[in-house]
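Q: Test case, fold it:
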Amino acid sequence: MTAPVNTPQTVPYATLLSFTRYIGRTGPRKATFVGGLRRQRESGHGFNPHGQLVKALKADIRFRTGGTYLNTVVEQVSARWKPLYEALVPGALQYLESLAMPVEVAPTRDALCMIGALPVKINPHFGLRYPDGHGEAVRLHFDEDPPLDLAAVATLHLMGRHMDQVLPNATPVMVDVRRGEVLRPDPSVKADEVERWLAGEAAAFAAMWAA
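A: Below is the predicted model of the structure:
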């Protein structure tokens, strides 16, 4: 009897968003979440309702239009998504106003991060570049609840770990869109401790995926 082949559909894999959402769960909710991710991947289903908002925010930064695109996009989305956009746009405008000008939108690259044997896709929403050459790789948080501390630590750490690929000479930033709040790495956090913690979480994720 031959051993089963580990096909691409069954290989454990996570995006930065799904991995940090997994971290924020406890007990049986972790296994339920991972099982749902696997079924979604196998079905090929998935839809990102935030794409138009990201494009509008980037356009307002690029063209320095002070929120014109963000205010307009609320009327452009389908009726199904209008309440979501009405909840997100005020905070996005607040974040836009907080940016030090002038600033340019900069292209970022996705990176494949290995945490133990678990591949995690690092995918910022966009980059920013300031006149002094320094940049920021920005990851947006859209959920109704603020990001959990552990999820924020993991997001910023993993983005920072691969910044040479994502956006050289830049730092990671996480923006809580609904509240317009900007989260940056805490210099007191010890990277080696975060690595050990994430390695344990990744191993458990892979085991739940295979279960």
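Q: For the nearest residue to A100 once chain neighbours are set aside, grab phi and psi.
A: The shortest distance from A100 to any non-neighbouring residue, by C-beta to C-beta, 6 or more residues apart in numbering, is to Y130 (6.9 Å). The C-beta positions use only the backbone N, C-alpha and C, and glycine is treated the same way. Backbone torsions for Y130, taken as degrees, to the nearest 10, come to phi -100, psi 160.
Q: So in the protein, where's the weakest helix or strand by average pLDDT?
A: For the chain, using mean pLDDT, DSSP states H and E, the weakest element among its helices and strands is helix 28-43, scoring a mean of 89.
Q: and it, what does it pack onto?
A: Contact analysis of helix 28-43 by 3 or more C-beta pairs under 8 Å, 6 or more residues apart in numbering; DSSP states H and E lists helix 16-23, helix 191-210 as its packing neighbours.
Q: A strand includes M114, no?
A: Yes. Looking at M114 with DSSP: H, G, I helix; E, B strand; the rest coil, it is inside a strand.
Q: Can you give me the neighbour number for the nearest residue in space to it that is not next to it in sequence?
A: The spatially closest residue to M114, leaving aside those adjacent along the chain, is V120, at 7.7 Å (C-beta to C-beta, 6+ apart). The number of residues packed near V120 is 25, by other C-beta atoms under 10 Å.
Q: coming back round to it: immediately after the least confident helix or strand of the chain, which helix or strand?
A: Under the assignment DSSP states H and E, the closest C-terminal helix or strand after helix 28-43 is helix 51-63.
Q: which residues are contacting that next one?
A: 65-70, 72-73, 76-77, 85, 88-89, 92, 95-96, 99, 103-105, 125-126, 128, 140, 177 (C-beta atoms under 8 Å, 6 or more residues apart in numbering).
Q: Out of those residues, which end up buried?
A: When burial is judged by neighbour count using 16 or more other C-beta atoms under 10 Å, the buried members of those are 67, 69-70, 73, 77, 85, 88-89, 92, 95-96, 103, 105, 125-126, 128, 140, 177.
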